[in-house]
Structures are given as C-alpha cells and as structure tokens.
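> sequence and predicted model, in that order:
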Amino acid sequence: MKLFSLDLPIFMPDATLGTVRAVSTDQLKNTNTKMVVVNTYHLYLTLGIENLTKLGGIKKLMNWDGYILSDSGGFQVYSLIHKKSNLGKITQYVVYFKSPVNGSKTLLTPEISIDMQYAIDSDIFIALDDCRYSGVSRRDAETSVNYTIDWARRARDHFDKKNTRPNNKKIFAVIQGGSFKDLRERCARELIEMDFDGYCFGGWPVDDKGILVEDILKLVADLMPVHKPRYAMGVGKPEDIEKCVQLGYNMFDCVIPTRNARHGILYSSNGIVRIKHTKYKLDTNPIDSNCGCETCRNYTRAYVHHLLKNNEILGKTLATIHNLYYYQDLLKKNVKI
RNA sequence: GCAGGGAUGCCAGAGUGGUCAAAUGGUCUGGACUGUAAAUCCAGCGCCGCAAGGCUACACAGGUUCAAAUCCUGUUCCCUGCA
C-alpha cells in the first residue's frame, strides 16, 4: 500500500517539538526517515497558532522536505491528565491542561487542535481523542469512546470547513475502547461512517508488564478498512512492530528508538547493545557490522561508549542516528507487496 | 618562622558529646523507558549474608567522659594570610 508517494509500512520518529531530539534535519534524512510526528499540544503551548502561522509552518521551520503527521494532543490527555491527575480536567466540550509551573490553564478542543494542525501545516491530521490506559475499566472506556466519537465529528467538520482543496491534506481518527470488543466495534463503526483517510489504534499498546496487547491490537486491526492506512500509535519495540505488521498495521511511531538511543540502548542485527557497559570501553568494532548508518560507517563502539559515558551531546546524536537507521531498515524488510 | 583554618567512603561534602555505617551530590554497577513533562527515572554501592541481621570507620597517638567524628594535648600533612 502507498500513502502519498511512500511505501507502507512506515516508521515515523517522534519530533514532538519539531525536532527529533539530538539530530539535525540532514542527519534525519540520512536515516531514510520520510515522515515525522510532531505534537499539536506541545507546539500549541510553545509556539502557538499565530506565531507558527507567521513562520510558515513546521516544515519550513525545520527545513524538512519530508512529510509531517501531527498528533492531536490526545496522548497528552492521557499522559498528563489521566495518568498523573491534577494536571488538568476533561469534559465533553473542552480539555483543560494546568501548567505544573504556575498553574495557568490551557484549553484544548477538537477545533483548536485542528486549527493548530493547520498552523503546523502538517500533511496528516489526527482528530483529538480521549486516550486511556490499556487496562481501563469498562465505565471509563465507555466515556472515552463517547468523547472520542463526538470529538472526531467536531474535528472532521472543522477540518472540512477549512480544507480548501486541492491541498492534499489528510485526517485520521483514533479508535478507542480499551479491551472491550463491543466498544471498539462501536467506536470503529461510527468513525468509519465519518469517512476518515486513515484509522489509528488508540490507547496504550502494552500492558503493565510492557507486553504488547496483541489480542486487542488484532481485534482493532480487523475493524479497520483494508484499503486505508492503519496506524498503530506508539508502537514500539522492533519485535512489536513486526508483530503489528503481521496484524495489518502499516504506520508506526514511537519514542523508543530515539529515547533508548539517548539512554545507551542500541539495536543491532545481533540483538541489543547496551553501549554504556564497560565491556565496550575498548571495543573497536562498529555498533553493528551489518549497518550502513553514518555512525557505524565512521565510528567505533568505544567512541560511542566514551561519548555517552561522559554525557557528550555527540554520543546521543550518533546513537540516535544508528537506532533510526536500524528502524528504517527493519521497516524496509517488512514492506508487503 | 608567626597567625588563622582544615584533615569524614573513589571525589566533593554535611554532621560539632549519645538518635552515626556514615546525610547529600558526583563517579561507579545494574535496570527501566512503547501517539516524549524523559541528556530522565529506579535500585545497589565499607565488610560478611539471599535476607533478617551482624561486624568495622571519621589523619595518627594519647587523654577527659557512663558515652567522642564531635571536647583537650601532642604528632604528621594540607590550605590561607603575614613575613
């Protein structure tokens, strides 16, 4: 399947604030990355609609000639409010985020989220959703589904109102419902009626032990239209992505390759390399001898070990370049014809 | 040489009569991280023990005291002024 001119499946690194941490746009390009995920909520808070519009959008700001997908802020509804509480409040009409610094309020609605995504000038929009933990109770999952459907309709309407074709923008919706089959079915059915350009698996993709919730992922994948992109949000570890490709998903994003790189966990064809371990201090091999990334072509494990042990910025950069290249390679191997 | 100040774990550095195996950082060793509040977080780090627990420290030598890392005396070393 293709999306724009891209082969699916695709992995999109997270560039929350308009940067994949530790790498420049050129370096990012050289990892074979074609699309990145930016975050509506974080950009709304930091740059805002007006400023970002003046600056001409995030692509221009980043000097990025690839594609941009903007997450709606729905994950922050989960990570900042449901998970930590006290950082905001959710109602059917609006979501309030409370700043932990000075207590000031930020208001987010499905409409504001869309306006912001236009300011970002992204290629793929996401309708605001009420994201929950994978083990969410039935009662909460029901609320989440109700809000998500309602917000998706409002997002869709607002998106259409502003979308003067032919600008080739797409909008995806997120299927919530926790582990409850009927709720997932209802959510999927109603969202499909609204005719979005793609559908996303919503919620936390792993259980409290970190194990991929395969049964729920399968259930939801089977509810999605076959001819449209299927995006498993927040997935995941290399093996989790491969499992999800088998289930039918073809779009992925996750902080794991980038965050783990910064923390010294590197992926290789021979398994995980914890580069900060002392055994790599004098190791003059590349991180992965089968890898063609800038890091592996030019530097040794000993060097990356040394840099990361001493908290040098370049260590994070080289590690990130490697992990992203590894992920893009992995997805290439999983392209289905 | 004179006058002050100081010596506590690998480093930095609290504690100034009992509640002190030794705060807290850092280093070090593990681990976690899944639509990024994350260059973050958690655990361990004198010795023995899986653990409960036990044992040993606060430059060195004496002393005072029921009790000293903490008070006194001397020694060694370091720092800061003045010569």
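Okay, I see it.
> what residues are up against A:K34?
Taking Cβ atoms under 8 Å, 6 or more residues apart in numbering as the criterion, A:K34 is in contact with A:6, A:10, A:66-67. Placement of C-beta: from N, CA and C, glycine included.
> er, A:V335 actually
Applying Cβ under 8 Å, 6+ apart, the residues near A:V335 are A:7-9.
> equivalent analysis for A:C187, please.
Listed by Cβ under 8 Å, 6+ apart, the contact set of A:C187 reads A:145, A:148-149, A:175-177.
> of the residues you listed - the most surrounded one?
A:Q176 (32 neighbours; other Cβ atoms under 10 Å).
> before we move on, could you check phi and psi at that one?
Here is the backbone geometry of A:Q176 (degrees, to the nearest 10): phi -110, psi -170.
> ok, it touching A:R132?
Yes - here A:Q176 reaches A:R132: they are 6.7 Å apart, a contact under Cβ atoms under 8 Å.
> mind listing the shared neighbours of the two?
A:141, A:144, A:203.
> not counting sequence-adjacent ones, nearest residue to the residue lying farthest from the centre of chain A?
Distance from the C-alpha centroid of chain A peaks at A:L282, with 36.0 Å (Cα atoms, centre = their mean). Excluding the flanking residues, the one nearest A:L282 by Cβ to Cβ, 6 or more residues apart in numbering is A:A302, at 5.7 Å.
> so who does the one you found touch?
A:A302 neighbours (Cβ under 8 Å, 6+ apart): A:280-284.
> most neighbours among these, which one is it?
A:Y280 (24 neighbours).
> in chain A, which spans are helices?
A:25-29, A:40-46, A:48-55, A:58-62, A:74-76, A:110-120, A:138-162, A:181-193, A:214-223, A:238-247, A:256-262, A:294-298, A:301-309, A:313-333 (DSSP state H).
> what residues of the first one count as buried?
Read that as helix A:25-29. Buried residues in helix A:25-29, counted by 16 or more other Cβ atoms under 10 Å: A:25, A:27-28.
> enumerate every residue touching the residue nearest the centre of chain A.
Centroid check for chain A by Cα atoms, centre = their mean gives A:D253 as the closest residue, at 3.7 Å. Residues near A:D253 by Cβ under 8 Å, 6+ apart: A:11-14, A:37, A:69, A:71, A:231, A:233-234.
> redo the residues you listed as CSV? Include distance to RNA strand B.
Below are the contacts of A:D253 laid out as CSV (distance: Cβ to the nearest atom of the strand, whole Å):
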residue, distance to RNA strand B
A:F11, 11
A:M12, 9
A:P13, 7
A:D14, 3
A:V37, 5
A:L69, 8
A:D71, 4
A:Y231, 9
A:M233, 4
A:G234, 3
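> nearest to A:M224, of the residues you listed?
A:Y231 (9.2 Å; Cβ to Cβ).
> in the sheet, who's paired with the closest one?
Note on A:Y231: beta-bridge partners by DSSP bridges are A:C200, A:M251.
> what about it, how many neighbours?
A:Y231, neighbours per other Cβ under 10 Å, totals 30.
> ok, it touching A:C244?
No - the criterion here is Cβ under 8 Å, and A:Y231 misses it with A:C244 at 10.0 Å.
> can you tell me, leaving aside adjacent residues, what's nearest to the residue of the stretch 1-150 of chain A found nearest RNA strand B?
Closest approach between the stretch 1-150 of chain A and RNA strand B, counting by Cβ to the nearest atom of the strand: A:C131, at 2.5 Å. Leaving out its chain neighbours, the residue that sits closest to A:C131 by Cβ to Cβ, 6+ apart is A:Y78, at 3.7 Å.
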